[in-house]
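K.L.:
got a sequence here, can you model it:
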Amino acid sequence: MHYKRSLYLDRIRPFIGSPVVKVITGMRRVGKSVFLGQVADMVRSINPETKILSINMELMENRQYRDGILLHSMITDQGTGMALFLDEVQDITGWEEVVSSLLARGGIDIYITGSNAQMLSSELATKIAGRYVEFQIYPLGLSEFIEFRGNGASSLEEEFRLYLRFGGMPALHSMQLSWEVICQYLQSVKDTVLLNDVITRNSIRNIPLLESVFAFLADNIGSLFSAKRIADYLGSLGRSTSVNTIIDFIRYLSDAFAFHHVRRYDLRGRKQLEYTGKAFLNDLSFRHALFGYREGDISGFLENIIYMELRRRGYTVFIGQLDGKEIDFISHRGDETIYIQVTYLLASEDTAKREFSPLFSIKDNYPKMVLSMDRDFPSRKGIIQIYIPEFLTDTQS
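P.N.:
Got it, this is the predicted structure:
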């Protein structure tokens, strides 16, 4: 049974039938193909007369259509008045020319998916500029995780702890929630993403070095890093490399949606700081598959989960800096801004001061909040504390 990804369906609904390409992006195995099928069902429900043509490039029977000219000919032979769904277009030679030509001909409502951000953005900007809208699909949020669990779900706190450990890859819910089973699956997904969307696409020869960069980023989520720091660390292990190579590898991993590289933003100078930032995994469970679940690293886990929830809700996110103090997240969506601090527990007055004081220094009137695992911690100077599982399940929070 496939559960509806209502968050994304609601976003794409206003564009159904419009003369723009609907581009659905995201890491492999986050549910893009299933979501594409749900969009097709929605198109049928809106206009039952619409002819649906779906082509999944991962299926053997569609390998012939990796030739863009052959694909274009097959599609145009179907006529107009249809909705076209192309899944994993990066496997089609000259896909951007195919889509551009079909768009120019008119009469076809076009939806495509892809698993490499750089390839899609560069080709779209070149061939289809101004004629597409993008919808990025992420792993399940906590609310979706609970929905997928269905009758097996228990208390909010227990579901959150399961989510923290097992993550949000949709296919987990067709498996036994056993760590041995899940870990094997996650390793397989990670290897597929690295091989297909990083190594092969970028012709990487030093695969052990790429694996080391992946492991370093996964082991340091929530911590500031620089490419030089990673290069120095790997050099100390006898794996000499250049800063430029590290920068390239981080970009490749980000393009494959394995990681999100979040830059720092200086609130005083109103500018991005180029050389340092944080990396967050697209799904936290990949870290556990590499290193096991280490309870002592809970603060980084929580930051990763909150970052991904903000992205899921449509925010652009930066790491903040103000007079030497760090603000975990500055989040923008339209004309809305939210400042967020994330911590495990406000267990002492010193901890509370450390988390609240950077927010006190920000003099604008945008909302400011501290997210933690405490329940009902009193607000301070208008800055509220929210219990993390409740924040994750309340989109109005």
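K.L.:
element containing K278?
P.N.:
Assigned by DSSP states H and E, K278 belongs to strand 271-281.
K.L.:
what comes into contact with the next helix or strand after that strand?
P.N.:
As assigned by DSSP H and E, the chain's next helix or strand after strand 271-281 is helix 285-291. With contact meaning Cβ atoms under 8 Å, 6 or more residues apart in numbering, helix 285-291 is reached by 165-169, 182-183, 186-187, 189-190, 215, 218-219, 221, 258, 281. Every C-beta, even on glycine, is put in place using the N, C-alpha and C of the backbone.
K.L.:
against V34, how distant is G26?
P.N.:
Look at G26 and V34: by Cβ to Cβ, to the nearest Å, they are 12 Å apart.
K.L.:
then L322?
P.N.:
The gap separating L322 from V34 is 42 Å, by Cβ to Cβ.
K.L.:
neighbour count: these two, which is higher?
P.N.:
Between L322 and V34, counted using other Cβ atoms under 10 Å, the more crowded position is L322 (19 against 15).
K.L.:
need the phi and psi values for the spatially closest residue to that one that is not a sequence neighbour.
P.N.:
In space, and not counting its chain neighbours, L322 is closest to L267: 4.3 Å by Cβ to Cβ, 6 or more residues apart in numbering. Dihedral pair for L267: phi -70, psi -30, per degrees, to the nearest 10.
K.L.:
thought L267 was touching K363?
P.N.:
No: the pair L267 / K363 is not scored as a contact, 9.7 Å apart, by Cβ atoms under 8 Å.
K.L.:
quick one on the thing from earlier: looking at the contacts of helix 285-291, which are in strands?
P.N.:
L281 (DSSP state E).
K.L.:
sitting in helices, which of the contacts of helix 285-291 do you find?
P.N.:
R165, F166, I182, C183, L186, Q187, V189, K190, A215, A218, D219 (DSSP state H).
K.L.:
could I get those residues as a markdown table with pLDDT?
P.N.:
Listed next are the ones in helices among the contacts of helix 285-291 as a markdown table, based on pLDDT from 0 to 100:
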| residue | pLDDT |
| --- | --- |
| R165 | 96 |
| F166 | 97 |
| I182 | 95 |
| C183 | 96 |
| L186 | 97 |
| Q187 | 96 |
| V189 | 97 |
| K190 | 96 |
| A215 | 97 |
| A218 | 98 |
| D219 | 97 |
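K.L.:
just the buried ones from those residues?
P.N.:
F166, I182, C183, L186, V189, K190, A218 (16 or more other Cβ atoms under 10 Å).
K.L.:
any idea how far the third one is from Q385?
P.N.:
Spelled out, that is C183. Distance from C183 to Q385, by Cβ to Cβ: 34 Å.
K.L.:
same check on the last one?
P.N.:
Distance of A218 to Q385, given as Cβ to Cβ: 29 Å.
K.L.:
what does the first one give?
P.N.:
When distance is defined by Cβ to Cβ, F166 is 27 Å away from Q385.
K.L.:
for the second one, same thing?
P.N.:
As defined by Cβ to Cβ, I182 lies at a distance of 32 Å from Q385.
K.L.:
so where's the stretch 151-300 of the chain uncertain?
P.N.:
Filtered on pLDDT under 70, the stretch 151-300 of the chain yields the residue ranges 269-275.
K.L.:
and the chain, what are its domains?
P.N.:
What automatic domain parsing lists as the domains of the chain is 6-136, 142-393.
K.L.:
chain center to the last one: distance?
P.N.:
Going back to what we said before, that points to domain 142-393. Centroid displacement of domain 142-393 relative to its chain, using Cα atoms, centre = their mean, to the nearest Å, is 10 Å.
K.L.:
and for the first one?
P.N.:
If you compare the mean C-alpha spot of domain 6-136 with that of the full chain, they lie 20 Å apart, counting by Cα atoms, centre = their mean.
K.L.:
quick one: terminal-to-terminal distance for that domain?
P.N.:
13 Å (Cα to Cα, to the nearest Å).
K.L.:
also the longest one?
P.N.:
With Cα to Cα as the measure, the ends of domain 142-393 fall 6 Å from one another.
K.L.:
any idea how far S122 lies from Q90?
P.N.:
Counting by Cβ to Cβ, the gap from S122 to Q90 is 11 Å.
K.L.:
those two - which one has more neighbours?
P.N.:
Between S122 and Q90, counting by other Cβ under 10 Å, Q90 is the more crowded of the two (17 against 12).
K.L.:
who are the contact partners of that one?
P.N.:
G114, S115, N116, M119, L120, R201.
K.L.:
how close does the most far-flung residue of the chain relative to its centre get to L70?
P.N.:
What lies farthest from the middle of the chain is D77; by Cα atoms, centre = their mean that is 36.5 Å. Remark: distance between D77 and L70 (Cβ to Cβ) = 11 Å.
K.L.:
before we move on, what about N220?
P.N.:
46 Å.
K.L.:
comparing the two, which residue is more hemmed in?
P.N.:
Legend: neighbour count by other Cβ under 10 Å for N220 and L70, higher for N220 (18 against 14).
K.L.:
you'd agree the more buried one is up against A279?
P.N.:
Yes: with contact defined as Cβ under 8 Å, N220 and A279 form a contacting pair (7.3 Å).
K.L.:
list the contacts for S115?
P.N.:
S115 makes contacts with T25, G26, M27, R28, K32, E88, Q90, V193, N196, D197, A256, F257, as judged by Cβ under 8 Å, 6+ apart.
K.L.:
helix or strand for the residue lying closest to the fifth one once chain neighbours are set aside, which one?
P.N.:
In this structure, K32 finds its nearest non-sequential neighbour in T113, 4.4 Å apart by Cβ to Cβ, 6+ apart. Secondary structure assignment for T113, by DSSP H and E: strand 108-114.
K.L.:
just the strands in the chain please.
P.N.:
Here the chain has its strands, by DSSP E, at 21-25, 51-56, 82-87, 108-114, 132-136, 259-266, 271-281, 316-322, 325-333, 336-342, 368-372, 384-387.
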